[in-house]
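> need coordinates for the following:
(one chain, ligands or ions: 1)
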Amino acid sequence: MSLIDPASLPLLADSYPHHAAVIRHHLAAEPLLGHAALAAAARDMPPAQVERRVHDAADGAGFSHHADGRDPAEAIAAGGDDEAWIMLRGIEQLPAYRALLHRLLAELAPVIAPATGPVRDIKGFVFVSAPGTHTPFHFDAEYNILFQIAGTKVFATCPPAPPFLDLARREAYHLAGENMLSWEPGFAEAEQHHHLMPGDALFVPFAAPHRVLAGDAPSVSLSVTWQSRASRAEVEALALNPVLRRWGLPAHDPAEARGAPWLRAAASRIGQRIGLL
Ligand SMILES: [Fe+2]
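Numbering: from 1, shown residues only. A predicted model of the protein is given here:
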């Protein structure tokens, strides 16, 4: 049986890569995404890649790691943690999960490849969220499909442009890895709210800022992320910006650019090779 509902592919094709879209999947019965298998996965992964954080933080500053010593694997085996958000980061390092991610992307390839070319840097993240978990406003520099497996979520997205995401925040992310964003109440008017049930999956456009609220039941989601040749070029072009500013030249701003910055990316790679960046 296919993992993605074939009827969803034309829906995704209408939106990809610039707009969010909800599609349907058949992963609910996938044993790898049950609590027993996920607990085993959490034990097999390096401890630093199994994060357990505060589930009801108001903002990025409060979204900190728990320090009570509770074992995330035990909590997952028990059906989830009432007071934590647990993330398995980089689940593609486990061969069975890597195969699952590749199966999913192979089914999506007829939509993805014509628009953004072959997928690169495939990664997987599993989120086991307590009821009511709030993931504060942030962005991720990747294409993402979040598959809702158990429980519900309201996933709110904003456009990847100012005032939600500005050039300084993009550059800071690529320099220091910080992806949390400041939330302004006025942003709510621009949000698109996606109500996800088990069997739903949401495509999140590259760098689209978002915040997520889990429903009243324990939630399990799988995020599959990837890059394209163009998204890699964006990252390379952003790395060149500080040097261009020092020289009084215009910086690259993805929100204003038309098309991928191939020349800037090539210059950035040369700059890295000769130690300029
Ligand atoms: Fe995210």
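> any chance you could map the strands in the stretch 101-250 of the chain?
120-129, 134-138, 143-150, 153-157, 192-196, 200-204, 210-214, 219-227 (DSSP state E, counting those that start in this stretch).
> gap between the residue nearest to Asp59 when sequence neighbours are not counted and Val54?
Excluding its sequence neighbours, the residue lying closest to Asp59 (C-beta to C-beta, 6 or more residues apart in numbering) is Pro136, at 5.0 Å. Glycine gets a C-beta too; all of them are placed from N, C-alpha and C. Counting by C-beta to C-beta, to the nearest Å, the gap from Pro136 to Val54 is 10 Å.
> dump the strands of the stretch 101-250 of the chain to JSON lines, plus mean neighbour count.
Below are those laid out as JSON lines (neighbours: other C-beta atoms under 10 Å):
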{"stretch": "strand 120-129", "mean neighbour count": "20"}
{"stretch": "strand 134-138", "mean neighbour count": "20"}
{"stretch": "strand 143-150", "mean neighbour count": "23"}
{"stretch": "strand 153-157", "mean neighbour count": "21"}
{"stretch": "strand 192-196", "mean neighbour count": "16"}
{"stretch": "strand 200-204", "mean neighbour count": "24"}
{"stretch": "strand 210-214", "mean neighbour count": "23"}
{"stretch": "strand 219-227", "mean neighbour count": "23"}
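> out of the ones you listed, point me to the one whose mean pLDDT is lowest.
Mean pLDDT values for the strands of the stretch 101-250 of the chain show the minimum at strand 134-138, a mean of 93.
> alpha carbons of it, as CSV, please.
Backbone C-alpha positions of strand 134-138 (Å, rounded to 0.1, in the frame of the first residue of the first chain) are rendered in CSV as follows:
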residue,chain,number,x,y,z
HIS,A,134,3.1,24.9,22.5
THR,A,135,6.0,25.2,20.1
PRO,A,136,6.9,28.9,20.1
PHE,A,137,7.2,30.9,16.9
HIS,A,138,10.3,30.0,14.9
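> gap between that strand and the chain center?
12 Å (C-alpha atoms, centre = their mean, to the nearest Å).
> helices and strands around that strand, which ones?
Strand 134-138 is packed against strand 210-214, with contacts defined by 3 or more C-beta pairs under 8 Å, 6 or more residues apart in numbering; DSSP states H and E.
> the strand it packs on: how far from the chain's middle?
12 Å.
> what angle do that strand and strand 134-138 make?
180 degrees (axes from the mean of the first three to the mean of the last three C-alpha atoms, to 10 degrees).
> what's next to strand 210-214, contact-wise?
Residues from elsewhere that reach strand 210-214 (C-beta atoms under 8 Å, 6 or more residues apart in numbering): 129-139, 151-158, 183, 204.
> any common contacting residues for Pro136 and Val54?
By C-beta under 8 Å, 6+ apart, the residues touching both Pro136 and Val54 are Gly62, Phe63.
> just the helices in the stretch 51-200 of the chain please.
72-77, 95-116, 167-176 (DSSP state H, counting those that start in this stretch).
> pick the most deeply packed of those helices.
Of all the helices of the stretch 51-200 of the chain, helix 72-77 has the most neighbours on average by mean count of other C-beta atoms under 10 Å, namely a mean of 20.
> got the helices of the stretch 51-200 of the chain as a markdown table, with distance to Glu191 columns?
Below are the helices of the stretch 51-200 of the chain laid out as a markdown table (distance: least, C-beta to C-beta, whole Å):
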| stretch | distance to Glu191 |
| --- | --- |
| helix 72-77 | 30 |
| helix 95-116 | 25 |
| helix 167-176 | 18 |
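> could those go into CSV alongside distance to Leu276 and mean pLDDT?
Putting the helices of the stretch 51-200 of the chain into CSV (distance: least, C-beta to C-beta, whole Å; pLDDT from 0 to 100) gives the following:
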stretch, distance to Leu276, mean pLDDT
helix 72-77, 42, 94
helix 95-116, 29, 98
helix 167-176, 15, 90
